[in-house]
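[1] sequence below, structure please.
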Amino acid sequence: MASAPVRVRFCPSPTGNPHVGLVRTALFNWAYARHTGGSLVLRIEDTDAARDSEESYVQLLDALRWLGLDWDEGPEVGGPHAPYRQSQRMDLYRDVAEKLQAAGHAYRCYCTTEELDARRDAARAAGRPSGYDGHCRDLSAEQRAAYEAEGRGSIVRFRMPDEPITFTDLVRGELTFTPENVPDYGIVRANGAPLYTLVNPVDDALMGITHVLRGEDLLSSTPRQVALYQALIELDLASEVPSFGHLPYVMGEGNKKLSKRDPQSSLNLYRERGFLPEGLLNYLSLLGWSLSADRDIFSMDEMVAAFDIADVNGNPARFDLKKAEAINADHIRMLDPKAFADACAPWLKAPHAPWAPENFDPAAFDALAPLAQTRVTVLSDITANVDFLFLDEPVEDEASWAKAMKPGADALLTTARAKIAEAEWTAGSLKNAVLAAGEEHGLKLGKAQAPVRVATTGRTVGLPLFESLELLGRDRTLARIDAALAKLGA
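    You can find the predicted model right below:
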């Protein structure tokens, strides 16, 4: 296996919106394929007609493209093992299931749900493992015929070997599962539909997958798949058992595994807020792996150059939204000014922008963008930073007004207005004007500029005030201060 070209796969189900745990799995597979010069196969596991949807399928491919996680084989790309949607491979699964039965690796099970439940309850009461007890494992032809004469339906079960299953996990080391803990399991439903337990390893085998990198929640199914691989090798349908690496859980609030139901798990949330793909991927890569002990910020090229599945930490990783935001902010800072302005574009027009389209001045934004770039955490922050420039009136933020317009604010604003009106219209001169006004009222610059900022921009926090006023212009600045003074009753 060591000499074979690496072939990994990412095989999501198109159910609902993509979530960050799924993206982390895709990222690690992609990075390992790119690091080793191998191939990434994208395979869509869409055999559950009740839950899968075409809308989710389209969203999934769109999300991967947005993230920049390209694939070498799969939908829209093709490849030698097409089709890459399991719903289009049903004949193949039926054929493999028949071959497994013919070779004695699988058998028909006629047990009803009620019978299975009763035997499980009895096993638990007796302190024995409560998995399937092999009741139909060795039925005679006569017994099978009798069950069928009763009109019983049957599923197909895979016959697990009677000895322990041992394999070396690329993340967790050598693992052994004993027979009593891995009973025979279903691979085909009574209606003939194949189960995940069959289609997933069959596709991996037929597509020549060498490394299966997936979530820890699937670890318990691995001994079953190892045994099925060995049966497929006997049938000349596989060459070798792939290497398995199980990625650590991603934990959310309350020490619980992050689930699709958790709001912060939705990839769409991060796209809508304006995370950069490289910022989000940088953070997700840290959920179980690191480039070095003292470095959290890096490019995807740097990750690819360094990534090895052997370096993944098996301990659960906690999803920290604040850290994700901080890392994204660092990636925003690293953009060149034009790239930053281009990235902000979707938030500068409807439906995101709160101003009328005709009020937007691209030249004014370009001048303001470098100031904003150092302050935004996500791209959607841009509107609150620059809206003062494109709205007819500043945003009315009651908390900011109450904080800045304390007693005496009217007197300070009156003095500041007079000095601003006489100043040369440059950021430096405007700063000196407000500084002088503050000195007349016994205030330092920080206190003196707060009422001016709220009067002209609507908020106590924002971009550098005097550069903002320079772009806002003399007439609009003075008019907004006048409006604030009127509101104060001055």
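[2] where along the protein do the strands fall?
    With strands called from DSSP state E, the chain shows them at 7-10, 39-42, 106-109, 155-158, 165-169, 173-177, 185-188, 211-215, 243-247, 250-251, 317-318.
[3] so which of those is nearest residue 282?
    Closest to residue 282 of these is strand 317-318 (CB to CB; 14.1 Å). Every residue, glycine included, has its C-beta placed from N, CA and C.
[4] distance from the closest one to the middle of the chain?
    Here strand 317-318 is found 14 Å from its chain centre; the criterion is CA atoms, centre = their mean, to the nearest Å.
[5] quick check: which ranges of the protein have low pLDDT?
    1-3, 490 (pLDDT under 70).
[6] give me the domain ranges for it.
    What automatic domain parsing lists as the domains of the chain is 89-247, 398-488.
[7] could those be laid out in JSON lines, adding distance to residue 366 and mean neighbour count?
    Shown next, in JSON lines, are the domains of the chain (distance: least, CB to CB, whole Å; neighbours: other CB atoms under 10 Å):
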{"stretch": "domain 89-247", "distance to residue 366": "43", "mean neighbour count": "17"}
{"stretch": "domain 398-488", "distance to residue 366": "10", "mean neighbour count": "18"}
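[8] tabulate those (JSON lines), appending distance to residue 57.
    JSON lines is the format used below for those (distance: least, CB to CB, whole Å):
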{"stretch": "domain 89-247", "distance to residue 57": "15"}
{"stretch": "domain 398-488", "distance to residue 57": "42"}
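[9] please pick out the residue of this structure most distant from its centre.
    The outermost residue of the chain relative to its centre, with distances by CA atoms, centre = their mean, is residue 440 at 54.5 Å.
[10] ok, which of the domains of the chain comes nearest residue 363?
    Proximity to residue 363 (CB to CB) singles out domain 398-488 among the domains of the chain, at 9.7 Å.
[11] residue 307 versus residue 147, what's the distance?
    From residue 147 over to residue 307 the distance is 52 Å, taken as CB to CB, to the nearest Å.
[12] quick one: the top helix by length along the chain to strand 211-215, angle?
    Secondary structure of the chain read by DSSP state H shows that its longest helix is helix 20-36. Angle between the axes of helix 20-36 and strand 211-215 is 160 degrees (criterion: axes from the mean of the first three to the mean of the last three CA atoms, to 10 degrees).
[13] so helix 20-36 versus strand 243-247, what angle?
    Here helix 20-36 points in a direction 140 degrees away from that of strand 243-247 (the same axes, to 10 degrees).
[14] go ahead and produce CSV holding the CA coordinates of helix 20-36.
    The C-alpha coordinates for helix 20-36 follow below in CSV (Å, rounded to 0.1, in the frame of the first residue of the first chain):
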residue,chain,number,x,y,z
VAL,A,20,-18.3,22.7,9.3
GLY,A,21,-17.5,19.2,10.5
LEU,A,22,-18.2,17.9,7.0
VAL,A,23,-15.9,20.7,5.6
ARG,A,24,-13.1,19.7,8.1
THR,A,25,-13.3,16.1,6.7
ALA,A,26,-13.2,17.4,3.2
LEU,A,27,-10.3,19.7,4.0
PHE,A,28,-8.1,16.9,5.5
ASN,A,29,-8.8,14.6,2.6
TRP,A,30,-8.0,17.3,0.1
ALA,A,31,-4.8,18.4,1.9
TYR,A,32,-3.6,14.8,2.1
ALA,A,33,-4.2,14.2,-1.6
ARG,A,34,-2.5,17.4,-2.5
HIS,A,35,0.4,16.8,-0.1
THR,A,36,1.1,13.3,-1.5
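[15] quick one: distance of it to the chain centre.
    Put simply, helix 20-36 sits 11 Å off its chain's centre (CA atoms, centre = their mean).
[16] next one: stretch 49-57
    19 Å.
[17] can you give me the helices in the stretch 201-350 of the chain?
    222-234, 267-273, 277-285, 300-306, 321-334, 337-344 (DSSP state H, counting those that start in this stretch).
[18] same deal with the stretch 1-150 of the chain?
    Counting by DSSP H, counting those that start in this stretch, the stretch 1-150 of the chain has helices at residues 20-36, 54-67, 90-102, 113-125, 141-149.
[19] what is the orientation angle of the second one with helix 20-36?
    For helix 54-67 against helix 20-36, the angle by the same axes, to 10 degrees is 50 degrees.
[20] the shortest one now?
    Regarding helix 141-149 and helix 20-36, their directions subtend 140 degrees when assessed with the same axes, to 10 degrees.
[21] could you measure from residue 199 over to residue 246?
    Using CB to CB, residue 199 is found at 20 Å from residue 246.
[22] same check on residue 472?
    Per CB to CB, residue 472 is found 56 Å from residue 246.
[23] before we move on, what about residue 186?
    22 Å.
[24] next: residue 235.
    Separation of residue 235 from residue 246 (CB to CB) stands at 27 Å.
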